[in-house]
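**Q** I would like to see how this sequence folds:
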Amino acid sequence: MALGVYLLCCITSLACAVLLLRGYQQSGVRLLLWSGLCFVGLALNNILLVVDTHIITSTDLSIVRSVPALVGISLLLYGLIWEAE
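**A** Numbering: from 1, shown residues only. Prediction:
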């Protein structure tokens, strides 16, 4: 059951990233770029979550798994601050 939820979260994050990056490509609004890159990081986080919990169960990948989410959120925060100026 948990695997299904993790996979749905991954698919949703990827779909959001694709839609936001396509919107940026069409309109050029930079906030869409930062949001899309954030969702790419969150999707990578979800993929690593599935790998950590269901494929490689012998080692703890929680720190490695957190890096893409941290980078994604940091990019969004940078974009929000930079666009505010």
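**Q** pLDDT below threshold where in the protein?
**A** 85 (pLDDT under 70).
**Q** and if we set it to 90?
**A** Applying pLDDT under 90 to the chain flags the ranges 1-2, 57, 59-62, 82-85.
**Q** quick check: longest helix of it.
**A** For the chain, the helix with the greatest residue count under DSSP state H is helix 2-27.
**Q** in this structure Tyr24 contacts Leu37, no?
**A** No - taking Cβ atoms under 8 Å as the definition, Tyr24 is not a contact partner of Leu37, at 9.4 Å. In this view, the C-beta of every residue, glycine as well, is placed from N, C-alpha and C.
**Q** who has more neighbours, the two?
**A** Shown here are Tyr24 and Leu37; by other Cβ atoms under 10 Å, Leu37 has more neighbours (21 against 18).
**Q** check which helix or strand the more buried one maps to.
**A** Here Leu37 sits within helix 30-50, counting by DSSP states H and E.
**Q** quick check: angle from that helix to helix 2-27?
**A** Counting by axes from the mean of the first three to the mean of the last three Cα atoms, to 10 degrees, helix 30-50 lies at 160 degrees to helix 2-27.
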